[in-house]
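Colleague: structure here, sequence nowhere to be found:
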């Protein structure tokens, strides 16, 4: 039976494979059913290549028992399974959780083709576009590269593959199909905390992967995987992993960003939770890694020399000696001398370097470790006598001998100086794990600490069922309440009850946690432990009989039976046990619960709803036969089941009377929306109204791209013109070309609603749809060339080019396309539009203004280079770039809060200003009516930098003012002849045109905040003080205003000196420069 294509045969095979009793009906069926190839064929035939995988809440939704190994996953991909991106990502994460390294490798090597725009968006998202300093520029100037590929290729992120005729070929773009840094590095975190070394290595090396490609006809740009995102890594876990794998893995961590700054500071980098990687190795006594970090610049004095303190505290003599020899300061270590004295070592080690001891060869050390692990006592003895270092690699020889039960070697090594306390008595822990009681006894007799690592030896002996060792350790001081792994031990399906009984007899008290533990044991199906807990007083009814609900959800019938037999309430939490068993497809559990009186109708037939929605046909049928109501919630069951595409259940429900017209035939709409053609056909054949809700089914499928369903609906009478041809609009908006073609061929109106279909396609960058619509008569100029503006706004360069090449008006709506592209920072589109004649000065240089406001520096530069006026709209470009004003507590000190991007724009515009500053000179006559005198002075006004200098008739500088352009106002600081600021003048808004309002804030107590009104009609300026003082300036412009201005001045405030009057006047003249011209 080499090829199976019959759905009926496959179905029978799987009925047999899922039913333990039916399996024995045919040995051949059993053999066939367990073949991954057959299972893959069945899943693809039943659910389609797109839906073969269905992962919900991190679990396989369809036939979860089948997905027990990664070989089936790989076989499904071989046969063409093609899940959507979300399912791929979920499957990738689940593969990491399940340690499916082959599936992980498959995904890491899987790349897909994308558009240039999306490719560049991904590059931006990676954060690869950074500033590059130009040697010939000023220190503050930063030049940004415009071409993504050049910079990223230099960074090693994009691999270019080109042949000799590359320039003549089209370029295609490849990107990874999965995001290894999804949700701030969740995939890596799972592998990291599961200590799955192989997958950790795969992820750390993913950035090196270059996919195998066959694109001889194209140039190829490849965006590699990013380096792994690492944040808040637990240093203890990290040390464990590094100790298992060594330096090479550490190097991979560094390459992926663990060494962003340097080896000295990385030890305390913010993404290592406890910030003490170096200290952790000192604490563990791992001399090999301690040396590595110190030799690469680790700071031994950080946090008051914590590394040395920890080495002393945990009695790691070799680390202490090494740190002191390398210069670690001992002044913070009060415990150093007492520690050394206990080791029979002179305290002078703290001040003078020890003599270098003779180092043995690495080969000898390696041989010693192997000989110790394999029990080769004679070889161990010879190697030690010839100088092999028994302390190397943190007493690895002793650890290996202890773990493998070689007592003679353990004794020999200890007698020759091996430290049994290294790594917090790791040797004792390994001997306890492996069940070597004789080694355990010897180590304890020699002083091993049975409570080291929070009674690790006791915990690991319990977990592995070594009752004799457990007893010995407890009798010798192990603290049964100190082990922090009890929850893991009690959750273990292989729990050793003899060990547990002994611990309880010795005083282990977990009574107050029995309830929680009972739920966990029930969920895991640990039947014997469940019985043990119930017999020892665990409350079956706790949390609304949570234990029963967990057992039902997980399908453990024996546990369910036992709990009910011992008084569990089958109706707890609204018969939730039945609902959960129905949801997960545990037929025998459902049947047993119903037979024991579970309410099928509970929670509005929740059990039936869950069974149907999760495609458990046998359970749905059983529940209906036992009275479940299929009409509950307005026939919601048939609606939801249709939406899920469960054809057999839909058919069954309709046959027994479910109302397919419920909720305006939403069953048809929902099935259509989700692309379930078989269900759609069946519903139509059974009378479903395809016109319901204004042809909602057709409109939905057009937007989702389900062509065959669209054809089915239209062939059965669906109206394509409903809602102003909404189906065509939706299909165009989403880029479903085949549906667009089909609708147009069937008579859809392309021009409906001002050619909105073309506009939507352009807005979303669907070039093929745009081309098709234009070729079939769509009006490019509709709604003032709205298609071009939308394409420009959203950055779709290819669409912009096509529209312009086919006659779109680049100047439409005051060159609106250029303004839109500038607003969003799409430099390439701005460049293209300008090259093709767009007017950078259109609408008073609106493009420059919005680009400045949004902080798009490169666009601003390009527009200025092409002639945009930075002073248009009263310096709107600069004012719009100044985002937020804040005061430091006084009116006279003003600062502006800028975003990073707008800050750069402001800097650029100001530099351009300085380079173009123009000085203008004005001669002014001032008549002082108070003193009946005429005064002459000269104003030098710099139009760009807004600086005004006031000189007397003799040429002496008598004062000056400096202007600052804010977001909406021009503000001047006024200074007298001594350079002392005496006032601030601020122009207000055009609130009462043609009047202008001004506010003058004096620093002097004798003056107050005042108001000035400027009347354009007679060029008279009035100054009114709120304290009753008044100053009047009357200006009379002659025909030739370039010669001089005649100013008549009168003041009620005799204290105002000439310099202040002159500077104030100059400031007002400057503010109203446009008036005097």
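Modeller: Received the coordinates, thanks. Remember, predicted model here, so these are calculated numbers, not experimental data. Residues are numbered from 1 along each chain as shown.

Colleague: please enumerate the strands of the stretch 51-200 of the chain.
Modeller: 55-56, 59-60, 111-114, 132-133, 142-143, 158-161, 171-176 (DSSP state E, counting those that start in this stretch).

Colleague: need the least confident one among those, by mean pLDDT.
Modeller: Lowest mean pLDDT within the strands of the stretch 51-200 of the chain: strand 142-143, at a mean of 26.

Colleague: count of neighbours near residue 806?
Modeller: Neighbour count for residue 806, taken as other C-beta atoms under 10 Å: 12. Where C-beta positions appear, they are placed from N, C-alpha and C, glycine not excepted.

Colleague: got a pLDDT number for it?
Modeller: pLDDT, read off for residue 806, is 96.

Colleague: for residue 32, same thing?
Modeller: 53.

Colleague: what do you get for residue 849?
Modeller: For residue 849, pLDDT reads 89.

Colleague: which residues does it contact?
Modeller: 872, 873, 876, 877, 880 (C-beta atoms under 8 Å, 6 or more residues apart in numbering).

Colleague: does the closest residue to it other than its chain neighbours count as helix, strand or coil?
Modeller: Leaving aside its sequence neighbours, residue 849 sits nearest to residue 876 (C-beta to C-beta, 6 or more residues apart in numbering; 4.5 Å). What DSSP: H, G, I helix; E, B strand; the rest coil gives for residue 876 is helix.

Colleague: number the residues from 59 up from this point.
Modeller: New numbering, starting at 59: the last item is residue 934.

Colleague: report how many residues lie close to residue 934.
Modeller: With other C-beta under 10 Å as criterion, residue 934 counts 20.

Colleague: what sits against residue 528?
Modeller: Per C-beta under 8 Å, 6+ apart, neighbours of residue 528: 516, 519, 520, 557, 560, 561.

Colleague: which of the helices or strands spans residue 626?
Modeller: For residue 626, there is no enclosing helix or strand under DSSP states H and E.

Colleague: quick check: pLDDT value at it.
Modeller: Looking at residue 626, the pLDDT reads 94.

Colleague: before we move on, back to that, so how far is residue 1008 from the residue nearest to residue 907?
Modeller: Distance, residue 934 to residue 1008, using C-beta to C-beta, to the nearest Å: 29 Å.

Colleague: and residue 535, what element?
Modeller: Counting by DSSP H and E, residue 535 is found in no helix or strand.

Colleague: any chance of the backbone angles for it?
Modeller: phi 110, psi 0 (degrees, to the nearest 10).

Colleague: neighbours around the nearest residue to it once chain neighbours are set aside, how many?
Modeller: Nearest non-adjacent residue to residue 535, counting by C-beta to C-beta, 6+ apart: residue 508, 5.3 Å away. By the criterion of other C-beta under 10 Å, residue 508 has 22 neighbours.

Colleague: SS state for residue 508?
Modeller: Per three-state DSSP, residue 508 ends up coil.

Colleague: next up, the contacts around it.
Modeller: Contacts of residue 508 (C-beta under 8 Å, 6+ apart): 486, 502, 515, 516, 531, 534, 535, 536.

Colleague: hmm, try it at 10 Å
Modeller: 483, 486, 490, 498, 501-502, 514-516, 530-537 (C-beta atoms under 10 Å, 6 or more residues apart in numbering).

Colleague: in PyMOL, select just the buried ones from the residues you listed.
Modeller: Provided next is the PyMOL selection string for whichever of those are buried by 16 or more other C-beta atoms under 10 Å:
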select buried, resi 483+486+490+498+501+502+514+515+516+530+531+532+536
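
Colleague: narrow the contacts of residue 508 to those in helices?
Modeller: 483, 486, 490, 498, 501-502, 514-516, 530-533 (DSSP state H).

Colleague: out of the residues you listed, who's nearest residue 179?
Modeller: Nearest to residue 179, judged by C-beta to C-beta, of those is residue 514 at 50.0 Å.

Colleague: so residue 748 touches residue 723, yeah?
Modeller: Yes: judged on C-beta atoms under 10 Å, residue 748 makes contact with residue 723 at a distance of 7.9 Å.

Colleague: what do those two both touch?
Modeller: Shared contacts of residue 748 and residue 723, counting by C-beta under 10 Å, 6+ apart, come down to 741, 754, 755.

Colleague: ok, those residues vs residue 101, which is closest?
Modeller: residue 741 (24.4 Å).

Colleague: from residue 767, how far out is that closest one?
Modeller: From residue 741 over to residue 767 (counting by C-beta to C-beta), the distance is 11 Å.

Colleague: what is in contact with those two at once?
Modeller: By C-beta under 10 Å, 6+ apart, the residues touching both residue 741 and residue 767 are 729, 730, 734, 755.

Colleague: how many neighbours does the first one have?
Modeller: I take that to be residue 729. 32.

Colleague: same question, the last one
Modeller: One way to gauge burial is a neighbour count; for residue 755, by other C-beta under 10 Å, it gives 31.

Colleague: so for the one helix or strand it maps to, what's the average pLDDT?
Modeller: Following DSSP H and E, one finds residue 755 within helix 750-762. Helix 750-762 shows a mean pLDDT of 95.

Colleague: please identify the buried residues of the helix or strand following it?
Modeller: Per DSSP H and E, the first helix or strand lying C-terminal to helix 750-762 is helix 765-773. Residues of helix 765-773 classed as buried: 765, 767, 768, 769, 770, 771, 772 (neighbour count, 16+ other C-beta under 10 Å).

Colleague: residue boundaries of the helices in the stretch 809-958 of the chain?
Modeller: Applying DSSP state H, counting those that start in this stretch to the stretch 809-958 of the chain gives helices spanning 810-821, 825-833, 840-851, 855-863, 870-882, 885-893, 900-912, 915-923, 930-939, 958-973.

Colleague: show me the contacts for residue 787.
Modeller: 757, 760-761, 781, 798, 801, 806, 810-811, 814-819.

Colleague: is residue 270 in a helix, a strand, or coil?
Modeller: Going by three-state DSSP, the state assigned to residue 270 is coil.

Colleague: for residue 260, see how far away the nearest residue to it once chain neighbours are set aside is.
Modeller: The shortest distance from residue 270 to any non-neighbouring residue, by C-beta to C-beta, 6+ apart, is to residue 167 (7.8 Å). Note on residue 167: its distance to residue 260, by C-beta to C-beta, is 10 Å.

Colleague: who's more crowded, the two?
Modeller: Using other C-beta under 10 Å, the more surrounded residue of residue 167 and residue 260 is residue 260, with 19 against 15.

Colleague: that one and residue 166 touch, don't they?
Modeller: Yes: Residue 260 is within contact range of residue 166, at 6.2 Å (criterion: C-beta under 10 Å).

Colleague: joint contacts of the two?
Modeller: Residues within reach of residue 260 and of residue 166 at once, by C-beta under 10 Å, 6+ apart, are 238, 267.

Colleague: assign residue 511 to helix, strand or coil.
Modeller: helix.

Colleague: what distance do you get for it to residue 517?
Modeller: From residue 511 to residue 517 the distance is 9 Å (C-beta to C-beta).

Colleague: I'd like to know how far the residue nearest to residue 535 sits from residue 501.
Modeller: Taking C-beta to C-beta, one finds residue 508 at 9 Å from residue 501.
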